[in-house]
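# A predicted structure for the sequence below; I have some questions about it.
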Amino acid sequence: MAEMTRRTALRTLGAAGAACAALAPGEAEARVARQPDPEDHGLLVDVVRCIGCRACVTRCKEANGKPPDVRTVAGAAYDAPVDLNATTLTVIKRWAGEREAGFVKAQCMHCVHPACASVCMMKALHKGEHGIVEYDVSKCVGCRYCQIACPFNVPKFEWASVAPRIVKCELCRHRAKDGKGPACAEVCPRDAVTAGKRGALLAEARRRIAERPRAYEREVYGETDGGGTNVLYLAPVDFAVLGLPELGRDPAPALSEVIQGGIYQGFAAPLVLLGALSIVTWKNARAARKEEER
Ligand code: SF4
Ligand code: SF4
Ligand code: SF4
C-alpha cells in the first residue's frame with residue numbers, strides 16, 4: 001500500500017512536471033524591454049494635498065464590489081483597513097518624518113516593467129491596454145509568485161475563499177465601458193489623486209513642484225524608479241519616509257528574473273513540485289468555482 005502511494009505520487013509528480021513544462025515557462029512578458037509611454041494611463045498621488053479622509057478607500061471598495069474591513073475603535077465599528085488585503089485594493093497609511101507627518105495612499109503602481117507579470121508563467125498578470133497591469137483569473141494557478149516578486153508588496157491572495165484569486169488595483173478598467181475612470185480620483189475632495197495619461201501627469205507634477213518648490217521634494221517618484229511606474233508620487237519628504245522602496249533606475253524584474261532563472265536552471269525537482277502544486281491548486285480552484293456556480 002505504501003509502495004503504491006509512493007509510485008502514484010511519483011507518477012503524479014512526473015506527469016505534473018511534464019504538464020508544467022508544457023504549460024509554463026518561456027514567455028515571461030516583462031523580459032521584453034519597455035520604455036515609459038506618455039499615453040499610458042495612471043495616477044498622480046500628491047501626498048502634500050492628502051488629508052487622510054479615506055474617501056478614496058471607501059469609494060474604491062464600492063466601485064470594485066469589495067466588503068468593508070471592519071475594525072472596532074472605542075466601541076464604534078469603522079471600515080478601517082490598515083494595509084492592502086484581499087478586500088482592500090487601495091489604503092491610506094500614516095507616515096511620520098522628523099518634523100512633519102501625514103497620509104499616503106497605496107495601491108498597485110502599474111509598473112512600466114512589472115515584476116509580477118515577469119514571473120507569472122501563465123500570463124495571468126500581464127501588461128494590458130493603456131499600460132494597465134491586468135489580472136485574468138481564468139489563467140491563474142495560484143502559485144503566488146507575483147506576491148514574492150512585487151517590490152511594492154501589492155498582490156494579495158483570497159485565503160478565505162474556496163476559489164481564491166489574486167487581488168490588486170486594475171485602475172478601475174471595468175468602469176471604462178461606462179465612460180468612467182478610477183473611482184479614487186473621482187471622489188478625492190483635495191485632488192490628491194489625479195487620473196490621466198502618464199505624460200500629462202508628469203507635466204502636472206513638475207508644474208506643482210515649480211509653483212511651490214519649498215513644499216515638495218524635487219523628484220517625482222515613479223518617473224524612473226524601478227524602470228518607471230504609471231502611478232507617480234509627489235511628496236513633502238524623502239520618499240523612503242513614506243515607505244516607498246528605493247529601487248534605482250533598473251526595472252525590478254531584472255532581479256526577480258535572475259532569481260527565477262537561478263531556481264529553475266538545472267533543477268528539475270522544484271519545477272516538478274511547482275507543477276504538481278500548481279495543477280492541483282488550479283484543479284481545486286476550478287472545481288470549487290464550478291461548484292459555486294451550480
Ligand atoms: S480621498 Fe484624497 S484626501 Fe482623502 S485620503 Fe484619499 S487621497 Fe487623501
Ligand atoms: S506594483 Fe507590484 S503588482 Fe503592481 S504592477 Fe508593479 S509589480 Fe505588479
Ligand atoms: S483606480 Fe480604482 S481600483 Fe485602483 S485604487 Fe483607485 S479606485 Fe481602487
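Thanks, I have it. Ligands and ions are numbered 1, 2, ... in the order given.
# can you count the residues close to the residue of the stretch 101-250 of the chain found nearest ligand 1?
Scanning the stretch 101-250 of the chain for the residue nearest ligand 1 gives residue 188, at 3.3 Å (criterion: CB to the nearest ligand atom). Using the backbone N, CA and C atoms, a C-beta is placed for each residue, glycine as well. A count of nearby residues for residue 188, using other CB atoms under 10 Å, gives 23.
# now do residue 251
Each residue near residue 251 was counted by other CB under 10 Å, and the total is 23.
# repeat for residue 158
Neighbour number of residue 158 under other CB under 10 Å is 15.
# moving C-terminal of the worst-scoring helix or strand of the chain on mean pLDDT, what's the next helix or strand?
The weakest-scoring helix or strand in the chain, judged by mean pLDDT, DSSP states H and E, is helix 2-23 (a mean of 35). Next in sequence after helix 2-23, counting helices and strands by DSSP states H and E, comes strand 41-46.
# Give me the average confidence score over the next helix or strand after that following strand.
Of the helices and strands lying after strand 41-46 in sequence (DSSP H and E), the nearest is helix 55-63. The average pLDDT for helix 55-63 rounds to 97.
# List the contacts of helix 55-63.
Here helix 55-63 makes contact (CB atoms under 8 Å, 6 or more residues apart in numbering) with 66-68, 79, 81, 87-92, 105, 107, 169, 172, 175, 183-189, 193.
# Just the buried ones out of those residues, please.
Among those, those classed as buried by 16 or more other CB atoms under 10 Å are 66, 68, 81, 87-92, 105, 107, 169, 172, 183-188, 193.
# what's the neighbour count on the closest residue to residue 216 other than its chain neighbours?
In space, and not counting its chain neighbours, residue 216 is closest to residue 209: 4.7 Å by CB to CB, 6 or more residues apart in numbering. Residue 209 has 16 neighbours, counted by other CB under 10 Å.
# Check residue 230 too.
Around residue 230 there are 25 residues (other CB under 10 Å).
# That one contacts residue 128, doesn't it?
No. Look at residue 230 against residue 128 with CB atoms under 8 Å: they stay out of range, at 11.6 Å.
# ok, now how distant is the residue nearest to residue 220 when sequence neighbours are not counted from residue 82?
For residue 220, ignoring the flanking residues on the chain, the nearest one in space by CB to CB, 6+ apart is residue 205 at 4.6 Å. Distance from residue 205 to residue 82, counting by CB to CB, to the nearest Å: 28 Å.
# Counting neighbours around each, name which of the two comes out higher.
Using other CB under 10 Å as the criterion, residue 205 and residue 82 rank with residue 205 on top: 23 against 12.
# does ligand 1 sit close to stretch 66-85?
No. Stretch 66-85 is not in contact with ligand 1 by CB under 6 Å from any ligand atom; minimum separation 12.3 Å.
# mind listing what's buried in that stretch?
66, 68, 69, 81, 84, 85.
# Can you pick out the most distant pair from the residues you listed?
Distance extremes for the buried residues of stretch 66-85: the farthest pair is 68 and 84 at 14.7 Å, using CB to CB.
# what does this protein put close to ligand 1?
When proximity is defined as CB under 6 Å from any ligand atom, the chain approaches ligand 1 at 50-56, 92, 103, 105, 188, 190, 192-193.
# now, which of the contacts of helix 55-63 lie within strands?
79, 91, 92, 105, 193 (DSSP state E).
# since we're on the residue lying closest to the residue of the stretch 101-250 of the chain closest to ligand 1 once chain neighbours are set aside, how many residues are nearby?
Nearest in space to residue 188, with sequence neighbours left out and distances taken as CB to CB, 6+ apart, is residue 56 at 5.6 Å. The number of residues packed near residue 56 is 25, by other CB under 10 Å.
# picking that back up, near ligand 3, which of the buried ones among the contacts of helix 55-63 show up?
89, 90, 107, 169, 172, 183, 184.
# Would you map the strands across the stretch 151-294 of the chain?
Using DSSP state E, counting those that start in this stretch, the strands of the stretch 151-294 of the chain run over 156-157, 166-167, 193-197, 231-234.
# Can I get these in a markdown table including distance to ligand 2 and mean pLDDT?
As requested, these are exported to a markdown table (distance: least, CB to the nearest ligand atom, whole Å; pLDDT from 0 to 100):
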| stretch | distance to ligand 2 | mean pLDDT |
| --- | --- | --- |
| strand 156-157 | 10 | 98 |
| strand 166-167 | 9 | 98 |
| strand 193-197 | 16 | 98 |
| strand 231-234 | 8 | 98 |
